[in-house]
Every structure is written in structure tokens, then in C-alpha cells.
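Undergrad: Return a 3D structure for these sequence lines:
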Amino acid sequence: MTSAARPESTYAFTKLVVGDLDRTADFYKAVFDYRELQRVSSAVAGEPIEEIILIRGADMAGEVTLVIWRWPGRPAPRDSDVIPGFITTDIDIVFARAEAAGFAVNLWGIAIWPPLLEACRMVGDIAIPPLLLALGVRMTAVRFTDLRVALLIALLRPAAGAVLAWCRARLAGLGEREAAMFLVFGAPPPAVKNFLFAERYAQDPARVASIVLIGNLAAVITLPLSLAIVL
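TA: Okay, here's the model as predicted:
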């Protein structure tokens, strides 16, 4: 006796319970090219619900739909138990769209789910020590000719940043205190992320490592100098 055929299973939809249907739907439309198929106002167990059904194709056949769901009679949720996953062939475009949509969401004042925000912060903190170790390894290959370039950029970077910050503060009409803060934040040493990009794209990482190291050592002088100028 043969066993019964295994039933075919398909992941049909993802529901996100949110407080604002339209703003959430606009985000997924902008970043992942979803379009609105249908709006539904109904009831579940006697409680009213509203939802927007989003799809990417011509209809719901053969795809996982994304449903933005709201309980009108309940307070807006602080978080959600659903995390959707997407596969893309061009992650750079998705990142660019997500940044633009995230900027718009920030202007609208939508709060980010606190556990997600904390997770992103922790990942960022964890990434710093390995990056500094990689920077130290690259410093073993520094050439003495690079030290002269590094010293020059260590002085030019804060100076150029301070001048640009001062010009921008004047153009924006900032007050004295705000302009002083803007100038100080415009005069930091070269950031470690410059080495990260140089290493990732093979753009003379040894030279960039020396620039970052010497620039941060020179900050012992350049930062107090910028503070002395504005105080």
C-alpha cells in the first residue's frame, strides 16, 4: 500500500499589524515595487479590521501577498511579530530606496520598533572592534612615503571641514551657538569607514590606513584647536 502524496504547501501571505495603513503601504510600494490590489473593511470575531492587500504581479496567483492590517478599535501597536524577507538581484538599489523611504518615514514621525533599533545598534557596536583590528593589520604594510601624504591630509581634512561647516552655517543663518557646534562637528579626523571602503573596493587600503591612523593621532591637536576657535 502506497502512502498518500504529500500535499503541496505554499506560503501565501504576510500580514503586518500597524497603526497607519497608508504610510506603511507607501513604504513597501516605494522600496519593493508593490502595488495596491484591494482595500478591505470587515470584521474578525465581531471586531472591525482594515487591510490593504499589496501584490507585485498582475494578480494574487503564484506569489506571496503582503497585507497591511489595522485594528481600528485598538491602540496602534508598538511592535510586530512579523518580519518579512525579500530576495533581490540588486541590493544597492533596494538600500537606496530604503534610505529614501526611511528618511520620509522619519519626517512623518513614525517610531521604529525598539527591539529592531537596539539590534541594529548592537550589530554596529560589534562591527567596530574587527574593523580596528583590520586597520591595525594594514598598518604593518604602511610605506614611509605614505606618511607624508597622511600628515598632509590629517591637517587638510579638519581645516577643509571647518571651512565648509562655517560657510554652511552662514548660509543657513544659524545662531552663534549652533554655528559653533556645526564647526566643531565639521572638523573631525578621517573616519575609519574610509579604510573600510578602501579595503572593500581595493583602493590602496594600506595608504588609506595610514591616513586614518595619522589623522586620528593629529586630532589630539586639531580638535582642541577647533574648540579654542569657537569658544
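Undergrad: And the pLDDT for Ser41?
TA: We note a pLDDT of 90 for Ser41 in this prediction.
Undergrad: what about the residue lying closest to it once chain neighbours are set aside, which SS state?
TA: Leaving aside its chain neighbours, Ser41 sits nearest to Glu50 (5.3 Å; criterion: Cβ to Cβ, 6 or more residues apart in numbering). All C-beta spots, glycine's among them, are computed from the backbone N, C-alpha and C. Following DSSP: H, G, I helix; E, B strand; the rest coil, the label given to Glu50 is strand.
Undergrad: ok, now how distant is Glu47 from Pro72?
TA: Distance from Glu47 to Pro72, counting by Cβ to Cβ, to the nearest Å: 9 Å.
Undergrad: got the contact list for Leu151?
TA: Ile214, Ala218 (Cβ atoms under 8 Å, 6 or more residues apart in numbering).
Undergrad: what about it, distance to Ile214?
TA: 6 Å.
Undergrad: What segments of the chain are helices?
TA: For the chain, the helices defined by DSSP state H occupy 21-32, 91-108, 114-139, 144-172, 176-185, 193-200, 205-230.
Undergrad: Make a markdown table from these and add mean pLDDT to it.
TA: Converted to a markdown table, those look like this (pLDDT from 0 to 100):
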| stretch | mean pLDDT |
| --- | --- |
| helix 21-32 | 86 |
| helix 91-108 | 76 |
| helix 114-139 | 75 |
| helix 144-172 | 82 |
| helix 176-185 | 84 |
| helix 193-200 | 76 |
| helix 205-230 | 83 |
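Undergrad: and Ser41, which of those is closest to it?
TA: helix 21-32 (10.7 Å; Cβ to Cβ).
Undergrad: Tell me the helices and strands packed up against the closest one.
TA: Secondary-structure packing of helix 21-32 (3 or more Cβ pairs under 8 Å, 6 or more residues apart in numbering; DSSP states H and E): strand 35-44, strand 47-55, strand 65-70, helix 91-108.
Undergrad: Sort out which residues of it are buried, please.
TA: Leu21, Thr24, Ala25, Asp26, Phe27, Tyr28, Val31, Phe32 (16 or more other Cβ atoms under 10 Å).
Undergrad: and which of these is nearest Val208?
TA: Once Cβ to Cβ is applied, the member of the buried residues of helix 21-32 that ends up nearest Val208 is Val31, at 31.9 Å.
Undergrad: I figured that closest one hits Ala96, correct?
TA: No. Using Cβ atoms under 8 Å, Val31 makes no contact with Ala96, being 9.3 Å away.
Undergrad: can you list the domains in the protein?
TA: Domain ranges of the chain: 13-115, 126-230, per automatic domain parsing.
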